[in-house]
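*Asks:* A structural model of the following input is requested.
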Amino acid sequence: LPPFTDWVHGVLPLSRKRMWKGPVVKGYGRGSKVLGIPTANLDAEQVGATLQEIATGIYIGWASVGADPTKYKMVMSVGWNPYFNNQIKTVEPWLLHEFPGDFYDEELRLVVNGYIRPEANFPSLETLIERIHEDGNLARAALDLDPFLATQSCLSFLQPSL
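*Replies:* Predicted coordinates:
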């Protein structure tokens, strides 16, 4: 097959952005404790039917939390986390910013606009962590490029609810 030309900096722009919001919920407790990568999980039921429509994998986009309108780059896993053999499909964004603490129950707003790769199993925890960091670096770089920049509709969605 010839190389695909629609990939930008290793990321496939989504033809239809996904915009999800809901309270940050507790996950399995592996993000910070096991992986050293804190995630802000959304309740899969709250995301609703669109979660069933989206392919499992690793995505990029923008996020904001609580009453703060600041937009943050994020990389997100949607799926079953095969290394951990999850029985429930999860939505686990990693906001690429250092926060002073947790923000459980705060409203998390996500605009998903790019796809990096399918989810995969890994031979070791170390290789999983290494790949998550690679995905984060890819997201940081790609989100500075034109197809992934925050548009006006994206910025409006990321504003806190009144």
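*Asks:* contacts and neighbour counts: CA atoms only from here.
*Replies:* Fine.
*Asks:* mind listing the strands for the protein?
*Replies:* In the chain, strands defined by DSSP state E lie at 12-25, 41-42, 57-65, 72-79, 90-95, 107-117, listed in chain order.
*Asks:* closest to residue 147 out of these?
*Replies:* Closest approach to residue 147 among the strands of the chain is made by strand 12-25 (6.5 Å; Cα to Cα).
*Asks:* okay, the angle between that closest one and strand 90-95?
*Replies:* 100 degrees (axes from the mean of the first three to the mean of the last three Cα atoms, to 10 degrees).
*Asks:* parallel or antiparallel, which strands does strand 12-25 pair with?
*Replies:* strand 41-42 (antiparallel), strand 107-117 (antiparallel) (DSSP bridges).
*Asks:* CSV for those strands, including mean neighbour count?
*Replies:* Shown next, in CSV, are the strands paired with strand 12-25 (neighbours: other Cα atoms under 10 Å):
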stretch, mean neighbour count
strand 41-42, 24
strand 107-117, 23
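*Asks:* closest one to residue 12 among the ones you listed?
*Replies:* Going by Cα to Cα, the one of the strands paired with strand 12-25 nearest residue 12 is strand 107-117, 5.0 Å.
*Asks:* for the residue most central in space within the chain, give me its contacts.
*Replies:* Geometric centre of the chain, nearest residue: residue 76, 2.0 Å, by Cα atoms, centre = their mean. Taking Cα atoms under 8 Å, 6 or more residues apart in numbering as the contact definition, residue 76 lies against 58-60, 91-94.
*Asks:* just the pLDDT for residue 4.
*Replies:* In this model, residue 4 is scored at 64, pLDDT.
*Asks:* now do the longest helix seen in the chain: which elements does it pack against?
*Replies:* Taking DSSP state H as the criterion, the chain has its longest helix at helix 125-142. Applying 3 or more Cα pairs under 8 Å, 6 or more residues apart in numbering; DSSP states H and E, we find helix 125-142 packed against strand 57-65, strand 72-79.
*Asks:* most neighbours among the contacts of residue 76, which one?
*Replies:* residue 60 (32 neighbours; other Cα atoms under 10 Å).
*Asks:* ok so, going back, closest to residue 29 out of the strands paired with strand 12-25?
*Replies:* strand 41-42 (10.2 Å).
*Asks:* mean confidence for that closest one?
*Replies:* Per-residue scores along strand 41-42 average to 94.
*Asks:* same deal with stretch 61-81?
*Replies:* The model assigns stretch 61-81 a mean pLDDT of 95.
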